[in-house]
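**Student:** sequence first, predicted coordinates after that:
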Amino acid sequence: MCNVCGCGTGETRLEGEALDHEHEHEHVHADGTVHRHAHHHADEHAHGHAPYQWVPAAVHGHAHRHADGSVHSHDHAHEGEHIHDHGDGSVHYGHGPAGAHAPGMSQAQMVKIEQNILAKNDGYAERNRSWLADRGILALNLVSSPGSGKTTLLVRTIEELKSKVPVAVVEGDQQTSFDAERIRATGAPALQINTGKGCHLDAHMVGRALEKLTPPEDSVLLVENVGNLVCPAAFDLGEAAKVVVLSVTEGEDKPLKYPDMFAAARLMLVNKIDLLPYLSFDVHKAIDFARRVNPRLEVIQVSATTGAGFADWLGWIDARLGEACAGRQQTVEQLRARIAELEARLAAKG
Amino acid sequence: MHEMSLAEGIRQIVEDAGRSQGFHKVKTVVLEIGQLSSVEPDSLRFCFDVVMRDSIAAGAALQIDSVPGSGWCMQCAETVPVAALYDPCPKCGSYQVQATGGTEMRVKELEIE
């Protein structure tokens, strides 16, 4: 059943044929305006529109939405009352601010919103993403529980990358700038964001950090999110990929206990593998659990202490950087083609 | 969990809609929350009441419409219902299932006064 107008989907038939839940028609108002709209009901829509003497106390335009979501606007005159009497005694629903009506509810009180709760964050994230893409910057969002070794991993990653490509870091923590100081010791620029009571970075925070940090073109931006395996999963920062770090000192069942993060990530780094001889952690089981949640998840085993697996990890970053640069190159070529086209048009006019 | 941030997102959407469409009191907020989204409805209810205070939706009822989860099973090559991200395909038992539906978190509509 349609939850807006209450009519049964697929039950409506017109000339023996099933309607795909709507049909369109056109009708003329008493004031001469014409509008077309689609609606659900096959037979309950007697638009009489008998001539009606409007007293044009005020003429104004308004738009209204029908139960099926179609919108039309028209001018009409009326005396302050906002119910459409079509002159045949029928009252036209769906003309209130809501533009929709639902069974059992007094009319004109439902307002359609249909908006993602995180729409605002997603908007900022898209802005960050295009800002980064324009500059060929590869942004990775590193997420994990507290204590998985993210900062140590970052420090080593920067040490190994910095001779090849500029690296900048955004550090997220509830309090202190300890992590940013550790990063700065490597010589890489780092900006600390303290979220205070907040449990995650959001795209607006990162956008502001980008303005301050101004990472160079064709570089790598590493975002170390707040140590939290839950909340950062839902917040897009505009990154190319989320990288989830799971250390072998944690439980191998974490991907099942906290599935959202593993579902959102593109790559999982299994960290601290140098400690495996001292632990009962089953790496294959952990990877299997993570891939139950996200079958496409890529996995690299590393140790930020010994450097094991780093060749693969750096290779993965290099491949992503190649993608970012190729994307930028494409944008540049498109812009060049556009300039050439505009210059040709200008030359033709001159 | 980040339900507090989500509740703040809802408040913003509601206040923006009130400003642009000219209403001042919201009686019910209707959300659409996917079964596979990272939202805990009970927690969101709690945060909702707190966050909506002094807004046009103060004291408003919260209606949460649940959207069932679904995923693409790579083995069966079809869309199958799943209740959790780590659930196997109900047909073939494979874990090669990528979530495709039921991940939404949306403000669907508002009942206003």
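**Tutor:** Right, received. Where do you want to start?

**Student:** how about low-confidence regions in chain B?
**Tutor:** For chain B, the stretches with pLDDT under 70 are B:1.

**Student:** for chain A, same thing?
**Tutor:** In chain A (pLDDT under 70), the answer is A:1-108.

**Student:** which residues in the stretch 151-300 of chain A form helices?
**Tutor:** A:178-184, A:203-213, A:254-257, A:259-264, A:283-293 (DSSP state H, counting those that start in this stretch).

**Student:** which strands or helices does the first one pack on?
**Tutor:** Put plainly, it is helix A:178-184. Counting contacts by 3 or more C-beta pairs under 8 Å, 6 or more residues apart in numbering or on different chains; DSSP states H and E, helix A:178-184 packs against helix A:150-161, strand A:167-173, strand A:190-194. The C-beta positions use only the backbone N, C-alpha and C, and glycine is treated the same way.

**Student:** winner for burial among those?
**Tutor:** Ranked by mean neighbour count, those are led by strand A:167-173 with a mean of 26 (mean count of other C-beta atoms under 10 Å in any protein chain shown).

**Student:** helices or strands next to that strand in the packing?
**Tutor:** helix A:150-161, helix A:178-184, strand A:190-194, helix A:203-213, strand A:220-224.

**Student:** rerun that using 6 Å as the cut-off
**Tutor:** For strand A:167-173, the elements it packs on are helix A:178-184, strand A:190-194, strand A:220-224, judged by 3 or more C-beta pairs under 6 Å, 6 or more residues apart in numbering or on different chains; DSSP states H and E.

**Student:** neighbouring strands - and their directions - for the last one?
**Tutor:** I take that to be strand A:220-224. Strand A:220-224 sits in its sheet next to strand A:138-144 (parallel), strand A:167-173 (parallel), going by DSSP bridges.

**Student:** need the ones you listed in JSON lines with distance to A:Lys197, can you?
**Tutor:** Formatted as JSON lines, the strands paired with strand A:220-224 follow (distance: least, C-beta to C-beta, whole Å):
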{"stretch": "strand A:138-144", "distance to A:Lys197": "19"}
{"stretch": "strand A:167-173", "distance to A:Lys197": "12"}
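
**Student:** okay, the helices of the stretch 151-300 of chain A, which one's buried deepest?
**Tutor:** helix A:259-264 (a mean of 24).

**Student:** which elements pack onto that helix?
**Tutor:** In terms of contacts (3+ C-beta pairs under 6 Å, 6+ apart), helix A:259-264 is packed against strand A:241-247, helix A:283-293.

**Student:** got the ones you listed as JSON lines, with distance to chain B columns?
**Tutor:** Converted to JSON lines, the helices and strands packed on helix A:259-264 look like this (distance: least, C-beta to the nearest C-beta, whole Å):
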{"stretch": "strand A:241-247", "distance to chain B": "13"}
{"stretch": "helix A:283-293", "distance to chain B": "4"}
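
**Student:** mind giving me the packing neighbours of the helix ranked longest in chain B?
**Tutor:** Longest helix in chain B by number of residues (criterion: DSSP state H): helix B:3-21. Packing partners of helix B:3-21 (3+ C-beta pairs under 6 Å, 6+ apart): helix B:41-51.

**Student:** quick one: contacts of the helix it packs on?
**Tutor:** Contacts with helix B:41-51, where a contact means C-beta atoms under 6 Å, 6 or more residues apart in numbering or on different chains, come from B:Met1, B:Glu3, B:Met4, B:Ala7, B:Glu8, B:Arg11, B:Leu62, B:Ile64.

**Student:** show the buried residues in those residues.
**Tutor:** Neighbour counting with 16 or more other C-beta atoms under 10 Å in any protein chain shown marks B:Met1, B:Glu3, B:Met4, B:Ala7, B:Glu8, B:Arg11, B:Leu62, B:Ile64 as buried within these.

**Student:** and the angle for the helix or strand containing the last one with helix B:41-51?
**Tutor:** This points to B:Ile64. Using DSSP states H and E, B:Ile64 sits in strand B:61-67. Orientation of strand B:61-67 against helix B:41-51 (axes from the mean of the first three to the mean of the last three C-alpha atoms, to 10 degrees) gives an angle of 150 degrees.

**Student:** now do strand B:61-67 and helix B:3-21, the angle between them.
**Tutor:** Going by the same axes, to 10 degrees, strand B:61-67 makes 110 degrees with helix B:3-21.

**Student:** please enumerate residues in contact with the helix or strand just after strand B:61-67?
**Tutor:** Counting by DSSP H and E, the next helix or strand C-terminal to strand B:61-67 is strand B:70-73. With contact meaning C-beta under 6 Å, 6+ apart, strand B:70-73 is reached by B:Thr79, B:Val80, B:Pro81, B:Val82, B:Cys89, B:Val97, B:Gln98, B:Ala99, B:Thr100, B:Gly101, B:Gly102.

**Student:** and stretch B:6-17, what's buried?
**Tutor:** Quick answer for stretch B:6-17 (16+ other C-beta under 10 Å): B:Leu6, B:Ala7, B:Glu8, B:Gly9, B:Ile10, B:Arg11, B:Gln12, B:Ile13, B:Val14, B:Ala17.

**Student:** so is the helix or strand hosting B:Glu32 next to chain A?
**Tutor:** Using DSSP H and E, B:Glu32 falls within strand B:26-34. No: residues of strand B:26-34 contacting chain A under C-beta under 6 Å from any C-beta of the partner chain: none, with a closest distance of 7.5 Å.

**Student:** ok, what's across the strand from the residue most central in space within chain B?
**Tutor:** By C-alpha atoms, centre = their mean, chain B has its centre lying nearest to B:Ile33, at 2.3 Å. B:Ile33 has these beta-bridge partners by DSSP bridges: B:Ser66, B:Met105.

**Student:** looks like it contacts B:Val39 (just checking).
**Tutor:** Yes: using C-beta atoms under 6 Å, B:Ile33 is in contact with B:Val39, at 5.1 Å.

**Student:** quick one: common contacting residues for those two?
**Tutor:** Joint contacts of B:Ile33 and B:Val39 (C-beta under 6 Å, 6+ apart) are B:Met105.

**Student:** ok, now which ones touch A:Pro259?
**Tutor:** Contacts for A:Pro259 (C-beta under 6 Å, 6+ apart) come out as A:Val293, B:Leu85, B:Tyr86.

**Student:** which of these sits closest to B:Ala57?
**Tutor:** Of all the contacts of A:Pro259, B:Leu85 has the smallest distance to B:Ala57: 30.8 Å, by C-beta to C-beta.
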